[in-house]
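Novice: Test case, fold it:
(one chain, ligands or ions: 1)
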Amino acid sequence: MPENTAKAKGKPVRLSQVEMTELVLPPDTNNLGTAFGGKVAQWIDMCAGIAAVRHCRTTVVTASMDDLHFLTPIHQGEIVTLQASVNRAFRTSMEIGVRIDAENPLTGERRHCTSAHLTFVALDAKGDKLPVPPVIPETKAEKRRYEEAALRRQERLGRRKREQAHFAKYGE
Ligand SMILES: CC(C)(COP(=O)(O)OP(=O)(O)OC[C@H]1O[C@@H](n2cnc3c(N)ncnc32)[C@H](O)[C@@H]1OP(=O)(O)O)[C@@H](O)C(=O)NCCC(=O)NCCS
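Specialist: Reported below is the predicted structural model:
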C-alpha cells in the first residue's frame, strides 16, 4: 500500500516497528561496569522516535517518558536489543512501547531488562501540532497493547493535569 493511502486510513503496527542493537562499551557504563541509566534512556528515546516518525512521516518530539524501572543491570560487553512499536495514535500524539533485552554475547542467554512507554507529538515545519494517522493493530499482542494504551493515557494526562496545577500554585 502506498504511504499516502496508509497515512489516510491508518497504518498497521508492523510498518513502523523498529529493532535496534547496541553493544555496551566502557563510556556507556558507571563505576560498577554496568550500563548508565541515562544512556539506556537515550537509546530508548531514539528507538521510539524512529518508530514514531515511521508511523506519521512528520517531525516528532518526545512529550513524555513514563516511569522507567531497571529490573536487572546490563553489564559492559553485553548486547542490548531495543524493540519499539507504536501502540496507539490519539489526535496529535502517539504512545510508543519499547522492550529492552540484554544478551550475554558468549552464551546467547537473553533477559528482559525493562520496558518503557513514551508519548511523541507530531509537528509540522513551523512547530505546529499535526494530526497523526490511526494505528491498525493486527496481532493479539498488538490489540492488547492498543487497549492498554488508552488506560495509560488517562493516567498520564491525569498526572500532567495535577503537575500543571501544582506548578501554577507553587511555581516549582
Ligand atoms: C510536547 C508538546 C509539543 C506539547 O505541546 P502542548 O501545546 O503542550 O500540547 P497540547 O496540550 O495541545 O497536547 C498535544 C498532544 O500531546 C499530548 N501531550 C502533551 N503533553 C504530554 C505529556 N506530558 N504526556 C503525554 N502526552 C502529552 C496531549 O495529550 C495531546 O495529545 P492528543 O493531541 O493526541 O490528544 C510541547 O510541550 C513541547 O514542545 N515540549 C517540548 C518537547 C521536547 O523538546 N522534547 C524533547 C525533550 S528534551
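Novice: contacts, neighbours, all on C-alpha from now
Specialist: OK.
Novice: residue ranges for the helices of this structure, please.
Specialist: In the chain, helices defined by DSSP state H lie at 3-9, 37-56, 140-170, listed in chain order.
Novice: Please identify which of the ones you listed is closest to Val18.
Specialist: helix 37-56 (5.8 Å; CA to CA).
Novice: residues of that closest one that come out buried?
Specialist: 37, 40, 43-56 (16 or more other CA atoms under 10 Å).
Novice: likewise stretch 141-149?
Specialist: Going by neighbour count (16+ other CA under 10 Å), the buried part of stretch 141-149 is 142, 145-146, 149.
Novice: where's it relative to the chain centroid, distance-wise?
Specialist: Distance of stretch 141-149 from its chain centroid, counting by CA atoms, centre = their mean, to the nearest Å, is 14 Å.
Novice: Restrict it to CA atoms and write it as CSV.
Specialist: What follows is stretch 141-149, C-alpha atoms only, in CSV (Å, rounded to 0.1, in the frame of the first residue of the first chain):
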residue,chain,number,x,y,z
ALA,A,141,-0.5,-8.7,21.4
GLU,A,142,-0.9,-5.5,19.3
LYS,A,143,-4.6,-5.4,20.1
ARG,A,144,-3.9,-5.9,23.9
ARG,A,145,-1.3,-3.0,23.8
TYR,A,146,-3.8,-0.8,21.9
GLU,A,147,-6.4,-1.3,24.6
GLU,A,148,-4.0,-0.8,27.4
ALA,A,149,-2.6,2.4,25.8
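Novice: and it, average pLDDT?
Specialist: Mean pLDDT, stretch 141-149: 98.
Novice: circling back to that earlier point, among the buried residues of helix 37-56, which one sits closest to Glu19?
Specialist: Cys47 (7.4 Å).
Novice: The closest one contacts Met20, doesn't it?
Specialist: Yes. Contact criterion CA atoms under 8 Å: Cys47 and Met20 qualify, at 6.6 Å.
Novice: Mind checking if the longest strand belonging to the chain is in reach of the ligand?
Specialist: Of all segments of type strand in the chain, defined using DSSP state E, the longest is strand 110-123. Yes. Using CA under 6 Å from any ligand atom, strand 110-123 reaches the ligand at 119, 121.
Novice: Okay, angle between that strand and helix 37-56 too, please.
Specialist: Interaxial angle, strand 110-123 versus helix 37-56 (axes from the mean of the first three to the mean of the last three CA atoms, to 10 degrees): 60 degrees.
Novice: quick one: buried residues of strand 110-123?
Specialist: Across strand 110-123, burial judged by 16+ other CA under 10 Å covers 113-123.
Novice: Give me the contact list for that strand.
Specialist: 44-45, 48-49, 52, 56, 58-74, 92-104, 129-132 (CA atoms under 8 Å, 6 or more residues apart in numbering).
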